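Q: Quick one: sequence plus predicted model below, questions after.
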Amino acid sequence: MSILHDPRVTVRPVSPADYDALRANELTWTFGGGFRFGGRTPSPDAHVAALWNGVLLQSVGVAPPGEELLGLYTCFDADLRHGHASIAVAAQDRHIGSGAAFVGLGLFITDLFTEWPFRKLYAQSRAGAYERFALGAGRLFTVEGRLSGHHHLNGTTEDTFLLTIDRTAWMAGMGARLRRRAHLLRAGAEGTARKAPHAQLG
Amino acid sequence: MAPEQWFRICRRGLPPPHEFEAVLWQGVSALFIVRGSDDARLGVASLFDLDPHDGVAWMDIVIDPMPGGDDLLGPVARQLLDHAFSRWNLRKVYASHLGYQAPPLGECGIDGDIEAHLVEFARHDGMYWDRFITAIGRPAWHAAAAVAR
């Protein structure tokens, strides 16, 4: 996987140096945090094993210049026979609000569709988290299921949404915009510094 | 067993013999052989991906291709659901089927709600087929069991 750049976020593969920060953050982030563990506290070793279980690609989003950790993007359960995979994101609330974590997710998805022959990507979201990006329904993704009262949280239950991102629709819309933007950024960087620090989308 | 009917085990193709047992038991909480009155093996029923935190699990039933085999789906599902809801503190049990597979549980007398319809989920016989997820809730199951008694 390439290292992907945007002025607000850099998306790069997870490295062992990220493990401690990821373990601490994954258990406390309210957006997608703990999705692997369902309320359990994994030991450091168990966390690393779970981190890579069934994973095809996994990246962190970091904010320049200090490399503050914004979020974790995971592609797992890849099924090339049927042409789909699942994705997950965990992020800090304030970076969800700023849009940086979602830009990082957009770069991650575009790179997946660029490098792999997936027709579709699936994602699950608790109802509470879904409200944060529900405006994208029908434009960026399709809601194909709603599991009533699926998730137990805070002494009650929450619905879980099953979402699909279609390759054709994504690459014609958001993917095309992100690729154009990446080309412009690369052209700008090459025009000024005459070098690109990392690979860019496209 | 017809591989195309056993999606949980064969979704990426039939596992090689040395991996089959591991795949068979992966994530499984209960696994039963379905036998007829003459003790012939007719299929397999399993409960898997049980999540005690959320109180949910998934069920999977595969019946050997044979005349009248689809008629067994309802009785086997009832026994498996009895086992699931009586032995575990589950709120919901999910079942999943693809468009080309045996009739959905709703057509077998099982009271469930289709909560997801994943369009063109799996490839089979040269085309893509939709996947449906049916949820059977504990209250509905108790009500059905009371009527049956």
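A: In hand now; what should we look at?

Q: Downstream of the helix or strand bottoming out on mean pLDDT in chain B, the next helix or strand is which one?
A: Ranked by mean pLDDT, DSSP states H and E, the helix or strand of chain B with the weakest confidence is helix B:7-10, at a mean of 78. Sequence order places helix B:17-25 as the next helix or strand after helix B:7-10, per DSSP states H and E.

Q: So that next one, near chain A or not?
A: No. Judged by Cβ under 8 Å from any Cβ of the partner chain, helix B:17-25 stays clear of chain A, getting no closer than 13.4 Å. C-beta here means a position set from N, CA and C on the backbone, and glycine is covered the same way.

Q: buried residues in the next helix or strand after that helix?
A: Later in the chain than helix B:17-25, the nearest helix or strand by DSSP H and E is strand B:28-35. Residues of strand B:28-35 classed as buried under the neighbour-count rule (16 or more other Cβ atoms under 10 Å in any protein chain shown) are B:29-30, B:34.

Q: Just the CA trace of the least confident helix or strand of chain B, in CSV.
A: The C-alpha trace of helix B:7-10 is given here as CSV (Å, rounded to 0.1, in the frame of the first residue of the first chain):
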residue,chain,number,x,y,z
PHE,B,7,-21.4,-21.2,2.1
ARG,B,8,-19.9,-20.8,5.5
ILE,B,9,-17.3,-23.6,4.8
CYS,B,10,-16.9,-23.3,1.0
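
Q: That one - contacts with which helices or strands?
A: helix B:17-25 (3 or more Cβ pairs under 8 Å, 6 or more residues apart in numbering or on different chains; DSSP states H and E).

Q: Can you pull out the residues in contact with the helix it packs on?
A: With Cβ atoms under 8 Å, 6 or more residues apart in numbering or on different chains as the test, helix B:17-25 has contacts from B:9, B:15, B:31.

Q: still on that earlier bit, how far does the least confident helix or strand of chain B sit from its chain's centre?
A: Distance of helix B:7-10 from its chain centroid, counting by Cα atoms, centre = their mean, to the nearest Å, is 11 Å.

Q: before we move on, the earlier item: quick one: which of the buried residues of strand B:28-35 is nearest chain A?
A: When those are ranked by distance to chain A (Cβ to the nearest Cβ), B:Ser29 comes first, at 15.7 Å.

Q: tell me the contacts of the closest residue in space to that closest one that isn't next to it in sequence?
A: Counting by Cβ to Cβ, 6 or more residues apart in numbering or on different chains, B:Ser29 lies nearest to B:Leu50, which is 4.4 Å off, once chain neighbours are set aside. B:Leu50 is in contact with B:29, B:56-58, B:88, B:90, counting by Cβ under 8 Å, 6+ apart.

Q: Now that we have the residues you listed, can you turn them into CSV and tack on secondary structure and pLDDT?
A: Formatted as CSV, the contacts of B:Leu50 follow (DSSP: H, G, I helix; E, B strand; the rest coil; pLDDT from 0 to 100):
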residue, secondary structure, pLDDT
B:Ser29, strand, 95
B:Val56, strand, 97
B:Ala57, strand, 97
B:Trp58, strand, 96
B:Trp88, coil, 95
B:Leu90, coil, 96
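
Q: Out of these, which is nearest to chain A?
A: Out of the contacts of B:Leu50, the member with the shortest distance to chain A (by Cβ to the nearest Cβ) is B:Val56, at 6.2 Å.

Q: can you pull the contacts of that closest one?
A: A:150, B:50, B:90-94.

Q: so which of the residues you listed comes closest to A:Gly83?
A: Sorting these by how near they are to A:Gly83, with Cβ to Cβ, puts B:Tyr94 at the top with 22.8 Å.

Q: Relative to A:Ala85, how far out is whichever residue of chain A sits closest to chain B?
A: Here chain A gets closest to chain B at one residue, A:Gly145, 2.4 Å apart by Cβ to the nearest Cβ. Using Cβ to Cβ, to the nearest Å, one obtains 17 Å as the distance from A:Gly145 to A:Ala85.

Q: next one: B:Ala145
A: 39 Å.

Q: Of these two, give the one with the bigger neighbour count.
A: Counting neighbours by other Cβ atoms under 10 Å in any protein chain shown for B:Ala145 and for A:Ala85 shows that A:Ala85 has the greater number, 21 against 14.

Q: quick one: what helix or strand has that one in it?
A: In this assignment (DSSP H and E), A:Ala85 forms part of strand A:84-91.

Q: From the contact counts, what lies against that strand?
A: strand A:68-79, helix A:100-115, strand A:120-126.

Q: Can you mark which positions in the longest one are buried?
A: Applying a neighbour-count criterion of 16+ other Cβ under 10 Å, one finds A:100-113 buried in helix A:100-115.

Q: what's the neighbour count on the residue in chain B that chain A sits nearest to?
A: Residue of chain B nearest chain A, by Cβ to the nearest Cβ: B:Ala116 (2.4 Å). If you count neighbours by other Cβ under 10 Å, B:Ala116 ends up with 20.
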